[in-house]
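Undergrad: No letters, just coordinates:
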């Protein structure tokens, strides 16, 4: 168990939420808490945080039902705008890709392609698909952070998923980003078929030309 | 060195003279006012502009103490805006440029809002929040262009207020009036709050606000709640963009920048991310000549001019399509 006496411990702080490691019913778990915002009146703020917490937990649960590894939800606390989920103890795919051999790299990205295809086919889009939002553990890949996700079958939303992933690969793994994104697309098209892959990639290029999702330093 | 700028994209006909140091020597405007309960009628606004154009331009030159023959360039807002209105300003600018053999400089009105914002605040590399009747956009400078990071998916923040006001017979632009009504209430009623990633959507909020009014909720309560929801939505979209781009300045500009609730909320957001909030100088929130004259001056100094024969108006000219040759990428 993770240094239990030091819990709860803040492990990540994003624009909308904080992620804590904590003890949950005798084991180490992760709590995601949406923070109050000073720019919303309290009544509005509470409503939004509560609704989004439930929405995200729901998306994660639905993704799990589609067979995609996602940390299991243990508990939802609407009043605190937080939920507790399994702790996946492993590196992000972003870090993992630095260390593994090229064949493993391709295998991992191929698997990620299949997983993303499953959620897309199941009517879910991730909304913030980057290699930092994929964890590696027990030989599996886990999708995390569905905070910007939605139930959607729109080509536009799928294109955004692909574009964000391609951008994330490009900005961190400059030497082999083409190779790993190709592996991802191989896995993706193995599940959705060639036509849908071509459609999604064309949409991704179109969105890219609008120039909105540019790379950060 | 002097540059004359002419603005006629919507309800305002304005003319201004600026120097290359960014001193605004004159700022003359004449605004077309529509009857309460109606919006801008493009043809009537254009008629208004053509009637006041000569006087506005000559007063602007007079106030600046500059003769037309001394001008180094004539900047004209070719878009985006209402076609009939744009054509009046363009015709005036072309005539002066042609008569005095002075270079004509094409200016994008939205870029004008950004440049007048950086000029009057000293902001260096900000995340720009452009809010007006025509725009609700979050932009950051990258690769020689202002890239749109987030924007409205339907109507703008200015539209929301103006269209709401039109239904209840208030004159437009209605932002200040709605702000006054909102200040009389602290009773929040739930209205649709729609943020999609970095984008906002206001059309549902407009429908719901009008429905609440018809259902008997007081005008003050509806104005307060609509203003709270609309400004908070934008603040959240800005927060996401700020976290993503890691910019250390936020610049609020455009007509709706005058709204104090919005100013406060964006200042709160900036505070959460250690960024400095800037608001364009109050006098230049609305459409005006200086935004065109100053942007024209910057463009002229980088050699941007346009032949009269090419100077067609562009009612749908998007700000991210403009090459910003005068601005350097902040390191």
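TA: Good, I have the coordinates. Model, not experiment: these values are computed from the prediction.
Undergrad: what does the stretch 51-200 of chain B put close to chain A?
TA: Applying C-beta under 8 Å from any C-beta of the partner chain, one finds that the stretch 51-200 of chain B approaches chain A through B:142-143, B:145, B:147-149, B:188, B:190, B:193, B:197. All C-beta atoms are positioned from the backbone trio N, CA, C, and that covers glycine.
Undergrad: ok, now with 7 Å
TA: Proximity of the stretch 51-200 of chain B to chain A, by C-beta under 7 Å from any C-beta of the partner chain, involves residues B:142, B:147-149, B:188, B:190, B:193, B:197.
Undergrad: residue contacts, residue A:80?
TA: residue A:33 (C-beta atoms under 7 Å, 6 or more residues apart in numbering or on different chains).
Undergrad: show me the contacts for the nearest residue in space to residue A:110 that is not next to it in sequence.
TA: Excluding the flanking residues, the one nearest residue A:110 by C-beta to C-beta, 6 or more residues apart in numbering or on different chains is residue A:187, at 3.8 Å. Counting by C-beta under 7 Å, 6+ apart, residue A:187 touches A:109-114.
Undergrad: Redo those residues as CSV? Include neighbour count, secondary structure and pLDDT.
TA: Shown next, in CSV, are these (neighbours: other C-beta atoms under 10 Å in any protein chain shown; DSSP: H, G, I helix; E, B strand; the rest coil; pLDDT from 0 to 100):
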residue, neighbour count, secondary structure, pLDDT
A:109, 27, helix, 97
A:110, 19, helix, 98
A:111, 19, helix, 98
A:112, 22, helix, 98
A:113, 26, helix, 98
A:114, 19, helix, 98
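Undergrad: for these, which one is nearest residue A:123?
TA: residue A:114 (16.6 Å; C-beta to C-beta).
Undergrad: Could you pick out the buried ones from the residues of the stretch 51-200 of chain B next to chain A?
TA: When these are checked for burial by 16 or more other C-beta atoms under 10 Å in any protein chain shown, the buried set is B:142, B:147-149, B:193, B:197.
Undergrad: biggest separation within those, which pair?
TA: B:142 and B:193 (29.2 Å).
Undergrad: Can you give the domain ranges for chain A?
TA: A:4-86, A:93-209 (automatic domain parsing).
Undergrad: Out of these, indicate the one that is most buried.
TA: Greatest average neighbour count among these goes to domain A:93-209 (a mean of 18), per mean count of other C-beta atoms under 10 Å in any protein chain shown.
Undergrad: and which of the contacts of residue A:187 is nearest to residue A:159?
TA: Among those, and counting by C-beta to C-beta, the member closest to residue A:159 is residue A:113, at 14.8 Å.
Undergrad: how close does the closest one sit to residue A:63?
TA: Distance, residue A:113 to residue A:63, by C-beta to C-beta, to the nearest Å: 15 Å.
Undergrad: Same check on residue A:81?
TA: Residue A:81 is 21 Å from residue A:63, by C-beta to C-beta.
Undergrad: all helices for the chain, in order.
TA: This is for chain A. Secondary structure of chain A (DSSP state H): helices at A:42-65, A:93-99, A:102-121, A:155-172, A:177-192, A:194-209.
Undergrad: actually chain B
TA: Taking DSSP H to define them, one finds helices in chain B at B:42-64, B:83-100, B:109-121, B:157-167, B:175-182, B:203-214, B:219-245, B:260-272, B:289-301.
Undergrad: For those helices, give me TSV that also has mean neighbour count.
TA: Formatted as TSV, these follow (neighbours: other C-beta atoms under 10 Å in any protein chain shown):
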stretch	mean neighbour count
helix B:42-64	19
helix B:83-100	20
helix B:109-121	26
helix B:157-167	22
helix B:175-182	19
helix B:203-214	17
helix B:219-245	23
helix B:260-272	20
helix B:289-301	29
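Undergrad: Compare the ones you listed and give me the one nearest residue A:34.
TA: It's helix B:219-245; of those, that one is closest to residue A:34 (C-beta to C-beta) at 11.7 Å.
Undergrad: Which of the contacts of residue A:187 sits closest to chain B?
TA: Closest approach between the contacts of residue A:187 and chain B, by C-beta to the nearest C-beta: residue A:112, at 21.2 Å.
Undergrad: residue contacts, the closest one?
TA: Applying C-beta under 7 Å, 6+ apart, the residues contacting residue A:112 are A:93, A:134, A:141, A:184, A:187.
Undergrad: Please tell me I have it right and residue B:119 contacts residue B:294.
TA: Yes: in this structure, residue B:119 is within contact of residue B:294 by C-beta atoms under 7 Å, at 5.6 Å.
Undergrad: For these two, list the residues in contact with both.
TA: residue B:22.
Undergrad: Where does the prediction get shaky in the chain?
TA: With no chain named, the answer covers chain A. A:1-5, A:211-217 (pLDDT under 70).
Undergrad: I was after chain B.
TA: B:331.
Undergrad: care to break it down by domain?
TA: If you go by automatic domain parsing, chain B breaks into B:2-113+B:287-321, B:125-284.
Undergrad: can you give me how far the first one is from the chain middle?
TA: Average the C-alpha atoms of domain B:2-113+B:287-321, do the same for its chain, and the two points are 14 Å apart (C-alpha atoms, centre = their mean, to the nearest Å).
Undergrad: And the last one, by the same measure?
TA: Centre-to-centre, domain B:125-284 and its host chain are 13 Å apart (C-alpha atoms, centre = their mean).
Undergrad: Determine how far the last residue of it lies from the first.
TA: Distance across domain B:125-284, first residue to last, is 20 Å (C-alpha to C-alpha, to the nearest Å).
Undergrad: and what of the shortest one?
TA: As for domain B:2-113+B:287-321, its first-to-last residue distance stands at 27 Å under the measure C-alpha to C-alpha.
Undergrad: so residue A:53 makes contact with residue A:33?
TA: No: at 8.6 Å, residue A:53 does not count as touching residue A:33 under the criterion of C-beta under 7 Å.
Undergrad: Output the set of residues of the stretch 201-331 of chain B in proximity to chain A.
TA: Counting by C-beta under 7 Å from any C-beta, the stretch 201-331 of chain B sits next to chain A at B:228-229, B:232, B:235, B:239-240, B:243-246, B:265, B:268-269, B:320.
Undergrad: Take these and write them to JSON lines, including distance to residue B:108.
TA: Shown next, in JSON lines, are these (distance: C-beta to C-beta, whole Å):
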{"residue": "B:228", "distance to residue B:108": "32"}
{"residue": "B:229", "distance to residue B:108": "30"}
{"residue": "B:232", "distance to residue B:108": "29"}
{"residue": "B:235", "distance to residue B:108": "26"}
{"residue": "B:239", "distance to residue B:108": "27"}
{"residue": "B:240", "distance to residue B:108": "25"}
{"residue": "B:243", "distance to residue B:108": "28"}
{"residue": "B:244", "distance to residue B:108": "25"}
{"residue": "B:245", "distance to residue B:108": "21"}
{"residue": "B:246", "distance to residue B:108": "26"}
{"residue": "B:265", "distance to residue B:108": "27"}
{"residue": "B:268", "distance to residue B:108": "30"}
{"residue": "B:269", "distance to residue B:108": "26"}
{"residue": "B:320", "distance to residue B:108": "10"}
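Undergrad: mind listing what residue A:203 touches?
TA: A:155-156, A:159.
Undergrad: Could you give the bridge partners of residue B:131?
TA: Counting by DSSP bridges, residue B:131 is bridged to residue B:136.
Undergrad: any idea how far it is from chain A?
TA: Applying C-beta to the nearest C-beta, to the nearest Å, the value for residue B:131 to chain A is 15 Å.
Undergrad: and that residue, what is it in contact with?
TA: Per C-beta under 7 Å, 6+ apart, neighbours of residue B:131: B:157-158, B:254, B:256-257.
Undergrad: Pick the one among these closest to chain A.
TA: After measuring the contacts of residue B:131 against chain A - C-beta to the nearest C-beta - the closest member comes out as residue B:157, at 14.7 Å.
Undergrad: who touches both of residue A:53 and residue A:33?
TA: A:81-82.
Undergrad: what about residue A:23, distance to chain B?
TA: Distance from residue A:23 to chain B, by C-beta to the nearest C-beta: 29 Å.
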